[in-house]
Each structure stands twice: as C-alpha cells, then as structure tokens.
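Colleague: Return atomic coordinates for the entry below.
(chains A and B)
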There are 2 protein chains.
Amino acid sequence: MKYGYFSETKKEYVITRPDTPTPWINYISNMDGYCGIISQTAGGFSFYKDPRDRRITKYRYNNIPVDRPGRYIYIKDMEDGDYWSPTWQPVQKKLEGFKCTHGLGYTKIESEYKEIQSKVTYFVPVKGSVEVWHLKLENKSNKSKTLSIIPYSEFTMWCEPESRNIQWSLHLTRGDFKEGFVTYDFIEPHPAFDMKANTNYVADRPGMAFMTIKGADIKDFDCVRDKFIGMYRSETNPVGLENSVLSDSVLQGGNGCAAIRSEVTLQPGESKDLVVLLGFAFNIDEAKQYGEKFSKTSAVKEELEKVKDIWSKYTSAYNVNTPDKNLNIMVNYWNQYQCKTTFDWSRYISFYENGEGRGMGTRDSSQDTFAVCVQLTDRVKARIVEILSTTQFETGDCYHQFFPLGHKGDLKGFSDDHLWLVQMVHTYIAETGQLNFLDEHVKYADSQKVDTVYQHLKAALDYTERQKGPNGLPLILTADWNDTLHLWMECEKPESVLTAQFYVYALKLMAKMAEKTGRMEDTDVFIAKATAMADLINEKCWDGKWYIRGFGSKIIGSNKNDEAKIFLNSQVWAVISGVATPERAKVCMDSVKELLASEEGVKKVWPTFSKYDQAYGLMSRYVKGRKENGIFAHSNSWAIAAEALLGRGDNAFEYYSKITPLYKNDKAEVLATEPYIYCQTICSEDSLNKGMGANSWLTGTASWMFVAVNHYILGIKPELDGLSIKPAIPAGWNGFTYSRLFRGCLYEIEVKRTGQKRIVADGVEVKGNILPVSASQKCKVSIEI
Amino acid sequence: MKYGYFSETKKEYVITRPDTPTPWINYISNMDGYCGIISQTAGGFSFYKDPRDRRITKYRYNNIPVDRPGRYIYIKDMEDGDYWSPTWQPVQKKLEGFKCTHGLGYTKIESEYKEIQSKVTYFVPVKGSVEVWHLKLENKSNKSKTLSIIPYSEFTMWCEPESRNIQWSLHLTRGDFKEGFVTYDFIEPHPAFDMKANTNYVADRPGMAFMTIKGADIKDFDCVRDKFIGMYRSETNPVGLENSVLSDSVLQGGNGCAAIRSEVTLQPGESKDLVVLLGFAFNIDEAKQYGEKFSKTSAVKEELEKVKDIWSKYTSAYNVNTPDKNLNIMVNYWNQYQCKTTFDWSRYISFYENGEGRGMGTRDSSQDTFAVCVQLTDRVKARIVEILSTTQFETGDCYHQFFPLGHKGDLKGFSDDHLWLVQMVHTYIAETGQLNFLDEHVKYADSQKVDTVYQHLKAALDYTERQKGPNGLPLILTADWNDTLHLWMECEKPESVLTAQFYVYALKLMAKMAEKTGRMEDTDVFIAKATAMADLINEKCWDGKWYIRGFGSKIIGSNKNDEAKIFLNSQVWAVISGVATPERAKVCMDSVKELLASEEGVKKVWPTFSKYDQAYGLMSRYVKGRKENGIFAHSNSWAIAAEALLGRGDNAFEYYSKITPLYKNDKAEVLATEPYIYCQTICSEDSLNKGMGANSWLTGTASWMFVAVNHYILGIKPELDGLSIKPAIPAGWNGFTYSRLFRGCLYEIEVKRTGQKRIVADGVEVKGNILPVSASQKCKVSIEI
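Modeller: Prediction:
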C-alpha cells in the first residue's frame, strides 16, 4: 500500500493520508540547537539544546492514543460550534484533500473541512529558540464564516516528570498570560532531589517556554491543561471547545499548557494568515522580540525561504545522476538530510529514543561526523574536540556517551568507542586536508592534562594494545560495537574479532596520518602492529568459510555451534580492514550471501537465536528475527562496502536496494517506518513481523550508508592525498555523473563504462586512482571504467 | 457537590457518578504481596510484591485521557454492534444507575445499558498472585440478547519501559495464548543495560502475567495491543470492537495485552456470571491452578467472603462510638484501612507516586507501623527487623529508603530517619508487651555484624549525639523530617530544632525501655541527655511566642524574618516531646492557632513563601500555598496531639474536623481527592486552588491521625505498663464508648463526663491513669472525667 510519494523536486515527501502505519516524522531545527520533531499529523514536541535537560513541550512515548500531544490547532465554526483540526490529529474529523509535505527543514499540512481550506507550515527559523506555525485559511464557501482559532501545546518541565517525580508538576509549575504571551516556567527542583540519581543533571536551567499568536487579536486563553482539556477527556474533545470562550486559567501547580483563542471572520473567497510562535526565552522581553520579528506574514515567508536556501546549499555538496532514481534521491537529498540529523542528535531523541537516558554516543557521534564534514566543517571540528575532551580518559579509552547541555560523560567499558576516534579524525582530515589539526591541543575528560590530537589518538590505540586476551586479540570488555554481545557473562577474558579488525583498520589510518606528518617511526610501528594483528586473526579466527566473531565461553560464530554459526560483522570488517586475504575475502562474503542475505536485508547472525544463551548474553535475548537477532541496517552498509571493495557492484547494489526503504515505498505498510529515511533494524523472515522496520532516523545506518554509496558503490572517496576513484557499480549501469565539493573545489565527475581504465581531470590524465587536490574552484573529471 | 456517601454499615463508600474530580481509588491486595489499585471506573493496575520490579499491568501517569488503562471490560451487542463498558471507562457511554462501591478489600461497579444490567466485583483472593473480576450480567429486556464479552488489560515489563528504554518493549516481549490463557513474558533485559543506573534493580525476575475468563467459551483473543486497539485509536474505540472477531494475534516484540472474547446469550430475565482472572505465575501450570480454583462462581463468592471476613476481623480491633459520626466511621473502618495500606506500601506506589523512584521509606515505614501493631503483630515485628537490617548502618544512621523485592537500601544523610526506629520499637513493645524483643539479634545494612535490637536503637541515638552543630543542636544534614528544608545550601553546619525534639522524645522512650529491662545506668544517661538537650532548646530556641525551627544561614522560623516567621513542626513537637514548659507549650500552641490555623487546616509556615530563598532551599520553591508551602496534613495530626496533651479537646477536635476529608464530603469538588481517605497536602488560602487536596492514600497522615485520635483525643494509649487513659474530648461530648484489643484482652471502655476523675476496671478502681494489663480475655472499664 502506498502512503505517499516524492514531489517533482524530490526534496519533499508528500504523505497523502493521515493514518500512516507509524507516525512518519520530520526534524525541524536550527544551528542554535532549537529542535522540533513533527509527525504527519503534527504530533511531536520541541526542545532546546538538550532533550533531557531542556525539553519544552510534552510527548507521551508509546502512548494510547499514539503520537500525542503535538503542535495542535483547533478551528471552530462559531455558528454551529463544530470544530476540527486542520492536521487531522487530535480531533480526527474526516478532512478533504489531506496532504502532509515533509520538506528539508519544514513540514506543511494541508486539508479542507466544510469549505475552509487550511495550510499549516511548521518550521524553525535560522536563528533563535523559536518555532513558527504558519496557518493560512481560505474560505471556499459562499458565505461569511467566523472561526475560533486555538493553537494548543502541552508544556513539560525541561524533563519528563512522569518518569522521575510527578510531584514536581503538581507543585512547582507556573503558567501565566503576560503581554500577549502564555508563559510557562517552574520553581526549579534542586538536583539533589532528582531521585533517579541522574548524575549529569544540569542545575542551572532558568528561562521559560512561551506561546503567542499573531495576525488576530487574542480573545482568551488557558494556561491550565486540565481546564482546557477537562477531566476524563482528551485532546480529541477538549471541554474548552465546548464552551464559547476559554477560561483564562492561570497555573500555580499542575499541568501547564498554552491554549490561545483568536477569532477571524472570512468572507467568501477571503484568506487570512495567522502565525503561532512557540519557543524558549530567558525572559518576556526576549519572547516579545520574537513576537515583533514575526508579526508580519512577509517576515515569516522570508524566514522560511532562508531555511529552504540553507538546505539547498547544504545538499548541493553532493549531486549524483545514476540510472537508479531512488539512489539519486537518497544521495542528493534525503540521506544527507538524515545524516545531518544524526550528527545533531546521535541516538538521543527520536520517536524510539526517549531523550532521557542515552545522550550523545561516543562511537555513534564519531561515525555521524563522516557524512557531514563538507557542509559542517567547523561544527565537525568542534564536535571532535568535544568528544576528545569530554569522553576520552588519559588512559586512552572513552566514556560511552555524553550530554550536550551538561558536557558530561557517562558509562564506560566498551572495547571500541576510542577506536572510532581515529576513523573520525582521519575522515575529517581526508575531507578537509587539515593535517595540522593533529597538532592542536585538547584536554582529557578526566584531567586537565592537554595533549595533541595525535597523542589522543595514539593513546586510544595504545589502550587497545594493552587490553589483550589469552589469544592475543583485544578483550571485548563490556561489549564492542555490538552493544548487546555480552561474552563476559560466562567468560573471564572474552575477546572480540571485530574489535581486532577495527584496531587493524585504525592502525592503518593512523600510519597514513603519521606518514603524512613526517612521523615515519610511528608509521612503522603502527604498520607492524596492524600486520601482526591481521596475521593473528588469520591464524586463529578463520573457521573454514568465514571468520569467527570472538572467543568467549565457546568460540563465537563458528560452524560448530548450533545457532549463530556465522556473524555478519566479522566478515565485512575482515574485508574493510584489509585483514582478509583476497581469497578469504571472497569466501567469507560468499558465505554472507549464502547464509545471511535475504529479501529483507542481510541478517546479523545465522541461524537466528531461538532461545537465550548466557554465552552471548543480551544479544540472544531478543525475540527471533528482531533487532540484533534480526536485520541490523547499519551492518548492511558495511556489507555493501565490502562487496564494493571486492569489485562486486551487483552484490553491493542488491544489498543497497534491499535495505533502503525508498525501494519499498509501494508496500510501506510492511516496513511501517518512513520510506524516505533509514531505520535501524528490520524484522527478518524469522520474525512474525517479517519486513517491519523500527527505530527510524537516529541510526548509524545514515552516515554509513552515505559512506557505502558515495565512497564504495560510486567509489569517490576522500583520502589524505586526494579523491580516490574506484567505482563498483552494477553491471547494468553504463555510468553516472557526480559532483561533490572537495577542499573548496567542485568536482564534476562523469563516469562511463568503456572497458578502459582512465581518469582525466581538467584534460590531464591521472596516473593511479587518486585524483590530486585541485587548486581551482571547479574541476571536470572524466572517468572510464 | 456530592459524589457519594457511606453505606449503611459504613464499611463501604458508594460513588454515584463516574466523573469524580480526581480518580477515587481503592487498594485491593493480599498478604502475599499481590496488589491492585483500582479507580471508580476501573482504571489502575496491578503488581506483585514490588511496583518497580514486578509490575504486571500498565498505567500511564498523568495521562490524557486521565486514569488509563485499567481493568476494562467491553460488552458488545452482537445484533447491532453497539458496545459499552460496564464501568463507564474506557468507552464512556452514558450508563443508567452507575454506582461504584469501594469496600474494604474489594470494589464493585454497577450499571445498566440498554437493559443489560451489569455488576463487576474486583478483588484479590486471600492467597496467591491473582485477582478476580467477577462480572454478573442480567438481561432486563424482553428479548434474547447475544453479547460479546471482552476483558482487556495492557501488560508492562515488570517495570515501565517508557521511562527507561522503550527498545525493551519493542524487541524483548512475548505474548501467547496457551491452554485457555493469554500469557505475557519477556526475555529479561540484563541489569547492566538499565541505562538509568538503577542500582537496586533485581536481576532475577522470571515468570509471566496471565489472563483468562471462566464461565463462557473463549472464542478468540489478541495478545498484541496495537492489533486490538488499532493505530490512532484508543481504548475508547478499539478497532477490535468493530470487527466481528478478534485477530488471534500473538506477540513477538511490541506492546502486549490480553483481550479475550467470549459470547453469552441471555434470555429475557436471565442472568449469568463470568469470572476474569488476571495475575502473575511462574509457569502455565500455576496459572491453570488458579483457573481451576475459580472456575465456579460459588468458589469466587466464597473467596470474596473470606476477604470481607478478614477485614471485619481486622477492623474489630478498634471500635468507638462518639457523638461524632464521621469520627466513628474513620476510627472504626477507613482510617484503619488506610493505615494498613501505608504499612504495605509506604510512599511507594499510588496515583501520585509512580512506583519507580521511591521505595519503602525508613522514616515513613517506621511511622506506618504505629497503627497496625494489634492486627499485624508478626508482620510489624518482621518489618522492624527488615528496617534495622536493611537500612541501619553500624554507625547508627540509616538509608532513607529500601526496596521490598531486592531488600536493598538507597539514599542517606537525613537527620531523623534513625530516630524513628526508637519510636517504632517502643510502640511495638508498648502494644505487645514483648520487652524481650529488645534482646533479639539483628544485623546491620552495611555489615554482617549482629547486635541486639536495644544496641541498634542505642547506636541510633549515639549517632545523633555525635552529629551536633555549633549551637549544640543536632545537625539537620540533608534534611530532617521535612525533606525539602535544605538549610545546607547556604550554611555549612545547619541545625534542626525538630530533630533535637525528636531526639529528646526518643531518649525518653529509650530511658523507659532501659528501665523496664533493668538497664538503670543507661536510663540515667538517656534522661540526662534528654534533659540537657531540652534545656538547650529552651535556652536557645525560644523566639518569644514560639520555638524557632533551626539555625541556618539565618535563624529559621523567627519573627525577625519577613516570611516563614513561624513553623508548625517545632511547636507541636516541643509539646509532644515534653521539651516545652507548660507555659511555653500553651503560648506556642496559641501562636499556632493564631497564625497557622485556617479553615482548610493548619499551615506549615506563616507567612507562606512567596519566592525562592536559598536559605531554605527546595521548601521555598513550592508555589504559594502548595505542598510544604501550604497545608501538610501529617503535621496537622501532631497539632491535634499537642492540643490534646494541653487538655484542649475543643482545639484538638477542631483541627481534626478541618483536616479530615470526610467532613467535606458535601463539597468534594473542592478537595478533589477521596472523602474516605486522608491526603498528604491541601492547598492553603494562599493558593489559587484553595482547599484542593493532593497525594491521597500514601501519607504519614494515616497512621499519625490514628495516633492523634486514638491515643490523644480519645486518650487511650498503650504504654509499657499498660493502657494510659487521658481523654481530651470536645466540651460538647458527654462521653463515648470504645473497645480495643490490648495484649490479648478486649477492653470495653465507657467514658463519661461526670466531673469526677475515676477509672474502674472490672469493678476495681485504678489508681493513676494507667490501666494495668488484664489477664482476662475481656475487661470492662468505666472512666469518669
């Protein structure tokens, strides 16, 4: 079943019915850290800089009814008292011509009810901590209509009291109506009374939430949620809509909301614009400045254009034209868009992550930088510095996550977090050429000691070198990239083949960086260590047709076991890291194809765990076919990269098209999550819910799929010396064109299948497969394969 | 406005309309630790032994719509497809003759819709981990009706994933239909993955939730909540009710529920009984045993009678007959009932405490034993041992709380927790006469060291003796009884007058216990310390017309301050502890009457804080008139006791009638919480919500109000030597009769106002005011005052 399609420009996805299988969302945000999540029917919420510590409006996770509350608008015909929501939710009256358009940075919802046409555009202006709901109404009937317009949002206490202490909302909250604004704040609970011992809690959080409406006079309001909604009612049928006016309720303790009523009269054919502003301000004067700025519709339209311009510029960094339209749409717009979102929020806050426990992941955020280096160069550099200084210890290892508002690390003991630092810095330098970044000074998380970035990375590698187990492989510790593989439950010193492969890869990248900065001795040491580890893996970890996954209380990922004989990750990384010999690389990826690949994507293990086995821990606790016991999309991107490295473009593209939601747009009811965005996990054929996706938006799949497509399938990959060229496209393609920014130059590349191997840049033939860095602003490249 | 009334027997409160101002609830539970909370429209949930670590069904706190989900039943007329809920929620169709009867241990909801009369009785049998929903249907129409009956509950994962990690419910849950039972369990997440670092989490929690229906054949079912409810719908309009059958959905990941459909055909005038069983079992065989046991309606009726018998016996421990009917109802039934509930669950789980963060409070649970020693003698003893061994350190101080399933303590640093141990043990011994309990051996929380109970209590007192501040008073530390009085925010060594008074009182009780057990030297030491501390308080803490509250960055509770000049607690405890001279006792309680007493109850401070003041910390952060910046009901019970000690029965009774909800039954919309139960806090006249209650059920008000009425107003108080007699009744009363069990003897007491002072027990005049312990099973006592 089809729920929507891409617009002509492909920059918008248009949803044509309100009842999508799950809420299909968009992130509207700006660089100042104001962010809103909005669904196709205006469900969702907003926060400023940190979803745990400064959440502005409320959202009930896993609620019944699902996807509430949100950025709601009620329209009431004052003649007959009938009311509806122009975004369908929450009133859910049948609307004509419902259409939700998720664009880059905005969401527009259109509909018609009883000849009143409405269009609501939600977006976050480029600067500040405010969001705009632009409502345009048009009277399509032949009689004059007087309408009450009531925007409504429920506030929350910079956190969700229900999961902490519900006394807070009962006794500490305040809501008022001042100078045209509903305001909401509270008498701040002291962190000592955060009973959940949320040790990273930020003490100093002053300020207030606010809402106002521009374009019509405010008649009345409610600050008290229970006055507006009424007991035993819901947003579907608020008591406030049954009364002729709102109750002007002021809040002193209890649940806060903003409901603000205006009236407009529309003559036949007349249209009118109203603007709702919702946001965070430190004081009423700041809120009033937003009010003034957006009091004219023209200003609102200008701001929206600015947002569109920013995204247009952002996505122009990459442009591909291949015979595959879906791939083009993903590379040119939506994969870039999702990558920006994961860079902003890691795995912290979505409709699947509640923004309470997980902060910004160290491993996650490191990977999230890969795909945004061109557009967000300065922010990536700042993020790298933040990760090094906030999460890395002097010993080289890292906190597993950190919180953006408090800048504090949390959790530790994973064997891979610190190794991602090397990949992250290497990617940043390969993209920007900023080798001197390695000599910049950054502190550690646990001391004021300052080291160069290079030393930070060396400390990371040294940490793994020191943490080896009985077979000489790195200990897996709490877990490796696979959070839930808990080999320690039955084994004192379990080891991880995946971490070993990550280590080899990081050593090689480090060797290159050392070489490029004249640290030749270090280079030799790194190469020697990489070779030794690779040899060890090949000596001890080859199971005959694939690489094992680790040493625990038994050999993990071996044909000798009954279940989970083969793990995807240790095959794909054997190839990516270069550990596998060419022959073994082919054999193990053939095993992947034979045993793990399926219509729904490449499975993580085979055979799927059917029961809990303490030897593996949590991983085996997932129900059959789900999550890490099913298809993990992120690992699929590695399978694509590995196939491309083997030159098997057909396999690479097949994996790509199986895992990319867009290819399933026509049966969206099966995937259930958004067609325009990757999800983290898909139920395998072993599940009752075969093909169903979960955890859309915030997944490493986004940036690794960017890498898989751009660097491996299309094969245009930034290296320290320039752009490496090694396309691995499907046999059916005769070529493609590709443009991308690289170190200030726009490379316009045309790839043609001719059977020759030739690279010509600005008319000059290039030896080898590295395009040197161009000094011009444009470089035309012709590639024959 | 009136929402209900007491039944003839006064053992039931009958609610006559479904839309009470807040959900009015009941606790249905048994001694095995199975407990359900149920509202007047069947909202609520169940848990077994621990609401955090083994919650069975889901409840959404502060939800919209409020009070969902619950123990719901859908009835559908198979002829026209119309459906309704016999408990009003969740379908909310208009019902005839709605009536919810909350009884002791059961809740019965009656209604009629389209000539189908229904009566649902909810209760928890005396043994086991199961609850019963007994549905009786009667066809009052003159035609045959075929009805679908669908009981529905939503399961949860022994905890609430939404506040921890919502991945769990997505990927770890299982629901199935086996041998007539819907079952629900999950592949247990390992505590290492409790990201909220809930350090007291219990690792080992096997078992399953189940539901079945008896009395009609099961036609079909749903284990998947989203299949039964449908997306963008709610319990009000589940898609499952629009289809002719349920979908037989089985759960492997996702949200679990039990919806089980049966069909019954009722001829005109015919009635039928159906029984729904919901509960926890370690395996399907255990569940089937419940099924067999309750397959006959007669067995269900017998079990309900057992529950009623138990409560009849329980409440027969105390029986009073005074001229005041409300007081009689409270003492004879409802105050006893609430006291049992607070003893069971401390401040852990109600509709205001979410059962996630707070466990069983040390201070709270100690006080909660006061009122249940007669009926639950063995459990009180076990609880004392649990508190001493789970919360008290060798140093004498205590954890602030502990968790019942994990038996682990949590939080510390309060200056009063340990002092309550002395009052608790003294009360237990005074009630039971078990002086040798003092010589029993119990371990500490932080070691395996074993000490006598006596030594434990001595360690508690010694701890306070060692923790003194610059004025010689006990340091307040994190806080004293008043959790939110954070004097440490601006002062390095703040001191608490209240803790000093508690200390004096505890020393005196300890002196008596030492004396009775021949530890005369200790007695002298305790008395000397008590006298010294009392003298110090009188020397340093008298402000002219009242006692100050403490020493912080300024003098706390002084006439010199602008706000919070006088605190209630340091007046009432000056009297109760005997610190106040008779003259000062009168003066300070007159100040209470003049400055703190109001129509809504006695305020905690005057003048109310209007703004945050760091000198007091959190307490001053509550909005005006709310919580500890308003009327705290618990402290009111102390004011009653203090007035009674001064012999001012009229004042005592006035305070009692102002704070006891029952007296406000006719304007229940103002109080909003249940009329039959105390709430913790009431908004004062300084609040926008004057007179509104909050936090009903779980409050120290319950047991202290029991003490205030029984021990102080009626004046019959257990002491080590017998029952002390000192009534302080209102001038308008000519007397009362009172019976109570005391050390195995039923004392039948008649108090008459004659102007004489005379006590005659079984015909023998008693010297002094202590009734000696009778060796008989009955003792008739005549008291003249």
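Colleague: Name the nearest residue to residue A:682, sequence neighbours excluded.
Modeller: Counting by CB to CB, 6 or more residues apart in numbering or on different chains, residue A:682 lies nearest to residue A:631, which is 4.3 Å off, once chain neighbours are set aside. Where you see a C-beta, it was placed from the backbone N, CA and C, and this is true even at glycine.
Colleague: what are the phi and psi values for that neighbour?
Modeller: Main-chain torsions, residue A:631, degrees, to the nearest 10: phi -110, psi 120.
Colleague: Which residues of the stretch 551-700 of chain A lie near chain B?
Modeller: Selection of the stretch 551-700 of chain A residues close to chain B by CB under 8 Å from any CB of the partner chain yields A:612, A:617-618, A:621-627, A:681, A:683, A:687-689, A:694-695.
Colleague: Just the buried subset of those residues, please.
Modeller: For these, a burial check counting by 16 or more other CB atoms under 10 Å in any protein chain shown picks out A:617-618, A:621-627, A:681, A:683, A:687-689, A:694-695.
Colleague: which ones among these are found in strands?
Modeller: With strands taken from DSSP state E, the overlap with these comprises A:681, A:694-695.
Colleague: What is the nearest of these to chain B?
Modeller: Here the nearest of those to chain B, counting by CB to the nearest CB, is residue A:694; it sits at 5.7 Å.
Colleague: Return the residues in contact with the nearest residue to that closest one once chain neighbours are set aside.
Modeller: What sits nearest to residue A:694 in space, not counting adjacent residues and going by CB to CB, 6+ apart, is residue A:681, at 5.2 Å. By CB atoms under 8 Å, 6 or more residues apart in numbering or on different chains, residue A:681 lies in contact with A:626-628, A:630-633, A:693-695, B:171.
Colleague: cool, and residue A:744?
Modeller: With CB under 8 Å, 6+ apart, residue A:744 has these contacts: residue A:777.
Colleague: pLDDT score for residue A:614?
Modeller: Looking at residue A:614, its pLDDT reads 86.
Colleague: quick one: it and residue A:491 touch, right?
Modeller: No: using CB atoms under 8 Å, residue A:614 is not in contact with residue A:491; the gap is 10.0 Å.
Colleague: Just want to know which of those two has more residues nearby.
Modeller: residue A:491 (20 against 13; other CB atoms under 10 Å in any protein chain shown).
Colleague: In chain A, which residue sits nearest chain B?
Modeller: For chain A, CB to the nearest CB, closest residue to chain B: residue A:163, 3.0 Å.
Colleague: Who are the contact partners of that residue?
Modeller: By CB under 8 Å, 6+ apart, the contact set of residue A:163 is A:196, A:354, A:356, B:160, B:162-164, B:354, B:356.
Colleague: can we see that at 10 Å?
Modeller: A:61, A:196, A:354, A:356-357, B:61, B:160, B:162-164, B:196, B:354, B:356-357 (CB atoms under 10 Å, 6 or more residues apart in numbering or on different chains).
Colleague: Just the closest of those to residue B:405, please.
Modeller: Among the contacts of residue A:163, residue B:356 lies closest to residue B:405 (CB to CB), at 13.4 Å.
Colleague: Tell me the secondary structure at the closest one.
Modeller: Assigned with DSSP: H, G, I helix; E, B strand; the rest coil, residue B:356 falls in the coil class.
Colleague: residues near it, how many?
Modeller: Residues near residue B:356, counting by other CB under 10 Å: 25.
Colleague: cool, residue A:501 as well?
Modeller: If you count neighbours by other CB under 10 Å, residue A:501 ends up with 31.
Colleague: does it belong to a helix or a strand, and which?
Modeller: Secondary structure from DSSP states H and E places residue A:501 in helix A:497-516.
Colleague: Flag every buried residue along that helix.
Modeller: For helix A:497-516, by 16+ other CB under 10 Å, it's A:497-515.
Colleague: what packs against the worst-scoring helix or strand of chain A on mean pLDDT?
Modeller: Ranking every helix and strand in chain A by mean pLDDT, DSSP states H and E puts helix A:167-171 at the bottom, with a mean of 83. Helix A:167-171 is packed against strand A:145-158, strand A:181-186, strand B:679-682, strand B:693-696, with contacts defined by 3 or more CB pairs under 10 Å, 6 or more residues apart in numbering or on different chains; DSSP states H and E.
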